[in-house]
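Could you work out the structure for the sequence below:
(chains A and B)
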Amino acid sequence: KAGVTQTPRYLIKTRGQQVTLSCSPISGHRSVSWYQQTPGQGLQFLFEYFSETQRNKGNFPGRFSGRQFSNSRSEMNVSTLELGDSALYLCASSLEKGPAQYFGPGTRLTVL
Amino acid sequence: DQQVKQNSPSLSVQEGRISILNCDYTNSMFDYFLWYKKYPAEGPTFLISISSIKDKNEDGRFTVFLNKSAKHLSLHIVPSQPGDSAVYFCAASAYGNKLVFGAGTILRVKS
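Okay, the predicted model is just below:
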(Lines give C-alpha, C1' and ligand atoms only; values in the text may rest on other atoms or scores of the structure.)
Protein backbone atom coordinates (compact mmCIF):
# COMPACT_ATOMS: atom_id res chain seq x y z
CA LYS A 1 0.00 0.00 0.00
CA ALA A 2 1.15 3.50 -0.67
CA GLY A 3 1.89 5.54 2.41
CA VAL A 4 0.56 8.91 3.47
CA THR A 5 1.45 11.62 0.98
CA GLN A 6 1.66 15.32 1.64
CA THR A 7 2.00 18.22 -0.75
CA PRO A 8 3.82 20.45 -1.07
CA ARG A 9 6.94 19.28 0.78
CA TYR A 10 8.33 22.79 1.20
CA LEU A 11 6.66 26.16 1.26
CA ILE A 12 7.84 29.71 1.86
CA LYS A 13 5.29 32.40 2.67
CA THR A 14 5.33 35.89 4.12
CA ARG A 15 3.53 37.18 7.19
CA GLY A 16 -0.15 37.87 6.63
CA GLN A 17 -0.55 35.41 3.78
CA GLN A 18 -2.56 32.23 3.97
CA VAL A 19 -1.53 28.69 3.07
CA THR A 20 -3.24 25.40 2.24
CA LEU A 21 -1.56 22.04 2.80
CA SER A 22 -2.81 18.76 1.39
CA CYS A 23 -2.75 15.19 2.67
CA SER A 24 -3.74 11.89 1.07
CA PRO A 25 -4.16 9.08 3.61
CA ILE A 26 -3.35 5.41 3.25
CA SER A 27 -6.02 3.68 1.20
CA GLY A 28 -8.82 2.51 3.49
CA HIS A 29 -7.93 4.87 6.31
CA ARG A 30 -10.77 7.23 7.10
CA SER A 31 -9.23 9.15 9.98
CA VAL A 32 -6.79 11.96 9.22
CA SER A 33 -5.00 13.94 11.93
CA TRP A 34 -2.73 16.95 11.65
CA TYR A 35 0.23 17.80 13.88
CA GLN A 36 2.64 20.71 14.12
CA GLN A 37 6.29 20.13 15.02
CA THR A 38 8.47 23.01 16.20
CA PRO A 39 11.79 22.99 18.07
CA GLY A 40 10.24 24.78 21.05
CA GLN A 41 6.88 23.00 21.42
CA GLY A 42 7.61 19.60 19.92
CA LEU A 43 4.86 17.62 18.23
CA GLN A 44 1.43 19.06 18.92
CA PHE A 45 -1.98 17.85 17.81
CA LEU A 46 -3.95 20.26 15.64
CA PHE A 47 -7.15 18.39 14.72
CA GLU A 48 -8.59 15.10 13.50
CA TYR A 49 -11.13 14.47 10.76
CA PHE A 50 -13.22 11.36 10.27
CA SER A 51 -15.93 10.96 7.64
CA GLU A 52 -15.63 14.63 6.66
CA THR A 53 -16.29 15.79 10.25
CA GLN A 54 -13.87 17.28 12.72
CA ARG A 55 -13.80 14.78 15.55
CA ASN A 56 -11.14 16.25 17.80
CA LYS A 57 -9.35 19.56 18.11
CA GLY A 58 -6.16 20.74 19.78
CA ASN A 59 -5.36 24.08 21.39
CA PHE A 60 -4.63 26.18 18.35
CA PRO A 61 -6.20 29.50 17.32
CA GLY A 62 -9.02 29.68 14.81
CA ARG A 63 -6.53 30.71 12.10
CA PHE A 64 -5.84 26.99 11.79
CA SER A 65 -8.62 25.10 10.07
CA GLY A 66 -9.08 21.95 8.08
CA ARG A 67 -11.47 19.87 6.12
CA GLN A 68 -11.83 16.37 4.78
CA PHE A 69 -13.31 15.26 1.50
CA SER A 70 -15.45 12.24 0.72
CA ASN A 71 -12.38 10.32 -0.50
CA SER A 72 -10.74 10.92 2.93
CA ARG A 73 -8.18 13.34 1.53
CA SER A 74 -7.68 16.29 3.84
CA GLU A 75 -6.49 19.86 3.67
CA MET A 76 -5.44 22.24 6.37
CA ASN A 77 -5.44 25.99 6.05
CA VAL A 78 -3.59 28.63 8.02
CA SER A 79 -4.74 32.20 7.54
CA THR A 80 -2.93 35.41 8.42
CA LEU A 81 0.40 33.68 8.82
CA GLU A 82 2.69 34.64 11.68
CA LEU A 83 6.42 34.04 12.04
CA GLY A 84 5.69 31.50 14.77
CA ASP A 85 3.74 29.35 12.32
CA SER A 86 7.03 28.25 10.77
CA ALA A 87 7.06 24.53 11.45
CA LEU A 88 6.90 21.04 10.04
CA TYR A 89 3.24 20.13 9.50
CA LEU A 90 2.57 16.42 9.66
CA CYS A 91 -0.47 14.51 8.54
CA ALA A 92 -1.26 11.06 9.90
CA SER A 93 -3.89 8.54 8.92
CA SER A 94 -5.38 5.62 10.78
CA LEU A 95 -8.28 3.24 10.86
CA GLU A 96 -11.40 4.51 12.62
CA LYS A 97 -10.02 4.09 16.10
CA GLY A 98 -6.23 3.80 15.94
CA PRO A 99 -4.30 3.47 17.96
CA ALA A 100 -1.50 3.45 15.42
CA GLN A 101 -1.30 6.51 13.23
CA TYR A 102 0.87 6.49 10.14
CA PHE A 103 2.59 9.73 9.28
CA GLY A 104 3.44 11.36 6.00
CA PRO A 105 6.79 13.06 5.33
CA GLY A 106 5.45 16.47 6.32
CA THR A 107 5.31 19.93 4.79
CA ARG A 108 8.04 22.32 5.91
CA LEU A 109 6.48 25.79 6.12
CA THR A 110 8.71 28.83 6.49
CA VAL A 111 7.10 32.19 7.21
CA LEU A 112 9.25 35.25 6.46
CA ASP B 1 1.37 21.00 31.13
CA GLN B 2 3.58 18.16 29.91
CA GLN B 3 1.47 15.04 30.15
CA VAL B 4 4.11 12.85 28.50
CA LYS B 5 7.76 13.28 29.46
CA GLN B 6 10.94 11.86 28.07
CA ASN B 7 13.56 13.04 30.52
CA SER B 8 16.62 11.85 28.64
CA PRO B 9 17.39 14.09 25.66
CA SER B 10 19.92 11.60 24.33
CA LEU B 11 21.28 8.09 24.74
CA SER B 12 24.40 6.48 23.34
CA VAL B 13 24.70 2.68 23.06
CA GLN B 14 27.21 0.26 21.59
CA GLU B 15 26.07 -1.85 18.64
CA GLY B 16 24.72 -5.21 19.79
CA ARG B 17 23.86 -4.01 23.27
CA ILE B 18 20.43 -3.15 24.67
CA SER B 19 18.92 0.32 24.26
CA ILE B 20 16.38 1.35 26.89
CA LEU B 21 14.30 4.46 26.27
CA ASN B 22 12.07 5.75 29.04
CA CYS B 23 8.85 7.71 29.20
CA ASP B 24 6.67 8.99 32.06
CA TYR B 25 3.10 10.22 31.91
CA THR B 26 0.71 11.99 34.24
CA ASN B 27 -2.75 11.45 32.73
CA SER B 28 -4.46 8.35 34.12
CA MET B 29 -6.99 8.46 31.26
CA PHE B 30 -4.44 7.39 28.64
CA ASP B 31 -5.45 4.00 27.25
CA TYR B 32 -2.83 3.46 24.55
CA PHE B 33 0.86 4.17 24.42
CA LEU B 34 2.96 4.20 21.28
CA TRP B 35 6.57 4.57 20.24
CA TYR B 36 7.68 6.26 17.05
CA LYS B 37 11.07 6.61 15.40
CA LYS B 38 11.95 9.70 13.40
CA TYR B 39 14.78 10.43 10.99
CA PRO B 40 15.55 14.02 9.94
CA ALA B 41 13.33 15.36 7.15
CA GLU B 42 10.93 12.41 7.47
CA GLY B 43 7.67 11.85 9.30
CA PRO B 44 7.59 9.66 12.44
CA THR B 45 7.48 5.90 11.80
CA PHE B 46 5.24 3.79 14.03
CA LEU B 47 7.20 1.12 15.91
CA ILE B 48 5.06 -0.52 18.54
CA SER B 49 2.11 0.15 20.82
CA ILE B 50 0.69 -1.17 24.06
CA SER B 51 -2.77 -1.06 25.55
CA SER B 52 -3.18 0.12 29.13
CA ILE B 53 -4.56 -3.31 30.06
CA LYS B 54 -1.26 -5.00 29.23
CA ASP B 55 2.19 -4.70 30.76
CA LYS B 56 4.32 -5.96 27.88
CA ASN B 57 4.25 -6.13 24.12
CA GLU B 58 6.94 -7.55 21.83
CA ASP B 59 7.62 -7.15 18.15
CA GLY B 60 10.91 -8.54 16.93
CA ARG B 61 13.78 -6.58 18.46
CA PHE B 62 11.37 -4.12 20.11
CA THR B 63 9.65 -4.65 23.45
CA VAL B 64 7.56 -2.09 25.29
CA PHE B 65 6.93 -2.39 29.03
CA LEU B 66 4.17 -0.53 30.85
CA ASN B 67 4.08 0.07 34.61
CA LYS B 68 0.71 1.70 35.27
CA SER B 69 1.22 2.18 38.99
CA ALA B 70 4.39 4.17 38.30
CA LYS B 71 2.93 5.79 35.15
CA HIS B 72 6.05 4.73 33.32
CA LEU B 73 6.80 2.94 30.08
CA SER B 74 10.00 1.90 28.40
CA LEU B 75 11.11 0.70 24.99
CA HIS B 76 13.82 -1.96 24.81
CA ILE B 77 15.71 -2.53 21.59
CA VAL B 78 17.78 -5.72 21.51
CA PRO B 79 20.24 -5.97 19.86
CA SER B 80 20.79 -2.34 18.91
CA GLN B 81 21.95 -1.66 15.37
CA PRO B 82 23.51 1.47 13.81
CA GLY B 83 20.36 1.90 11.69
CA ASP B 84 18.39 2.38 14.92
CA SER B 85 20.06 5.76 15.40
CA ALA B 86 17.20 8.26 15.27
CA VAL B 87 14.91 10.32 17.50
CA TYR B 88 12.43 8.20 19.45
CA PHE B 89 9.11 9.65 20.54
CA CYS B 90 6.78 8.27 23.16
CA ALA B 91 3.10 9.09 22.58
CA ALA B 92 -0.16 8.44 24.40
CA SER B 93 -3.85 8.66 23.58
CA ALA B 94 -7.01 8.76 25.66
CA TYR B 95 -9.97 7.10 23.90
CA GLY B 96 -9.31 8.58 20.51
CA ASN B 97 -6.86 9.53 17.87
CA LYS B 98 -5.37 12.59 19.56
CA LEU B 99 -1.78 11.67 20.32
CA VAL B 100 0.16 13.49 23.01
CA PHE B 101 3.90 13.27 22.35
CA GLY B 102 6.95 13.47 24.53
CA ALA B 103 9.87 15.69 23.57
CA GLY B 104 11.86 12.80 22.11
CA THR B 105 15.15 11.04 22.88
CA ILE B 106 18.04 10.97 20.42
CA LEU B 107 19.47 7.46 20.22
CA ARG B 108 22.98 6.98 18.86
CA VAL B 109 24.13 3.43 18.24
CA LYS B 110 27.90 3.25 17.86
CA SER B 111 29.51 0.56 15.72
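
Just list the residues touching the residue of chain B found nearest chain A, thanks.
Relative to chain A, the nearest point of chain B is B:Gly43 (3.4 Å; CB to the nearest CB). To be clear about C-beta, it is placed using only N, CA and C from the backbone, and glycine gets the same treatment. Contact analysis of B:Gly43 by CB atoms under 8 Å, 6 or more residues apart in numbering or on different chains lists A:Val4, A:Leu90, A:Ala92, A:Phe103, A:Gly104, A:Pro105, A:Gly106.

just for the chain, where's the confidence low?
Since you didn't name a chain, this refers to chain A. Scanning chain A for pLDDT under 70 picks out the ranges A:1, A:97-98.

My question was about chain B, not that one.
Ranges of chain B meeting pLDDT under 70: B:1.

Up against chain A, what does it have?
B:32, B:34, B:36, B:41-46, B:49, B:51, B:89, B:91, B:93, B:96-104 (CB under 8 Å from any CB of the partner chain).

Let's see that with 7 Å instead.
With CB under 7 Å from any CB of the partner chain as the criterion, chain B meets chain A at residues B:32, B:34, B:42-44, B:46, B:49, B:89, B:93, B:96-99, B:101, B:103.

Pull the most distant pair out of those.
Using CB to CB, those reach their maximum pairwise distance at B:Glu42 and B:Gly96, which is 25.2 Å.

Show me the residue at the heart of chain A, geometrically.
By CA atoms, centre = their mean, chain A has its centre lying nearest to A:Trp34, at 3.4 Å.

Can you give me every residue that contacts the residue in chain A that chain B sits nearest to?
Residue of chain A nearest chain B, by CB to the nearest CB: A:Phe103 (3.4 Å). Neighbouring residues of A:Phe103 by CB atoms under 7 Å, 6 or more residues apart in numbering or on different chains: A:Val4, A:Leu90, A:Ala92, B:Gly43, B:Pro44.

helices and strands around whichever helix or strand A:Phe47 is part of, which ones?
Using DSSP states H and E, the element containing A:Phe47 is strand A:42-50. Here strand A:42-50 touches strand A:31-38, strand A:53-57, strand A:64-68, strand B:99-101, going by 3 or more CB pairs under 7 Å, 6 or more residues apart in numbering or on different chains; DSSP states H and E.

which one of the ones you listed lies closest to A:Pro99?
For the helices and strands packed on strand A:42-50, proximity to A:Pro99 was assessed by CB to CB; strand B:99-101 is nearest, at 8.4 Å.
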